[in-house]
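In: Sequence and predicted structure, then a few things I'm wondering about:
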Amino acid sequence: MAAGFRIAVELLAAIVVGAGIGWGLDQWLGTRPWLLILFFILGAVAGLMNVYRTGVELDRAAKAKRAADQAERNRGGR
């Protein structure tokens with residue numbers, strides 16, 4: 001459950017930060033809505049990259065745990 005919450009927060013935070021930067025730049029430069037759209041997309045891409053990296057990290061940790069469990073079972077069986 002903690003991993004799912006972490007992934008959701010990372011994705012949402014990246015999108016909100018990207019959209020916020022785009023909105024602020026649009027207000028400042030008067031380019032409404034182009035920078036909001038651009039930075040929203042960039043934030044979404046960054047968020048998806050974070051989700052992918054987190055998934056790879058979690059998968060690596062799960063494989064290491066399975067290997068350690070298997071090694072423990074093999075040692076205990078001898």
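Out: Here it is on my side, so go on. Residues are numbered from 1 along each chain as shown.
In: Work out the gap between the helix ranked longest in the chain and the centre of the chain.
Out: If you go by DSSP state H, the chain has its longest helix at helix 34-77. Between the centre of helix 34-77 and the centre of its chain there are 9 Å (C-alpha atoms, centre = their mean, to the nearest Å).
In: so where's this structure shaky on pLDDT?
Out: Applying pLDDT under 70 to the chain picks out residues 77-78.
In: what comes up buried for stretch 7-19?
Out: By neighbour count on 16 or more other C-beta atoms under 10 Å, the buried set for stretch 7-19 is I7, E10, L11, A14, I15, G18, A19. No exception for glycine: its C-beta is placed from N, CA and C like everyone else's.
In: Mind checking which of those are in helices?
Out: Short answer: those in helices (DSSP H) are I7, E10, L11, A14, I15, G18, A19.
In: and which of those residues is nearest to D69?
Out: Of all those, the one sitting nearest D69 is I7; the distance, using C-beta to C-beta, is 24.4 Å.
In: on that earlier part again, tell me the one of the buried residues of stretch 7-19 nearest L48?
Out: Nearest to L48 out of the buried residues of stretch 7-19 is L11 (C-beta to C-beta; 7.1 Å).
In: who touches the closest one in this structure?
Out: Residues in contact with L11 (C-beta atoms under 8 Å, 6 or more residues apart in numbering) are G47, L48, N50, V51.
In: Just among those, which is most surrounded?
Out: Neighbour counts for the contacts of L11 (other C-beta atoms under 10 Å) peak at G47, which has 22 neighbours.
In: Contact partners for W34?
Out: Contacts for W34 (C-beta under 8 Å, 6+ apart) come out as D26.
In: any idea how far it lies from G22?
Out: Here the distance between W34 and G22 works out to 8 Å (C-beta to C-beta, to the nearest Å).
In: give me phi/psi at the residue nearest to I37 when sequence neighbours are not counted?
Out: Nearest residue to I37, sequence neighbours excluded (C-beta to C-beta, 6 or more residues apart in numbering): G22, at 7.0 Å. The phi/psi pair for G22 (degrees, to the nearest 10) reads phi -60, psi -40.
In: which residues sit in contact with the residue lying closest to G18 once chain neighbours are set aside?
Out: Using C-beta to C-beta, 6+ apart and skipping residues adjacent in sequence, the residue nearest G18 is G43, 1.9 Å away. For G43, the contact set (C-beta under 8 Å, 6+ apart) comprises A14, I15, V16, V17, G18, A19, I21, G22.
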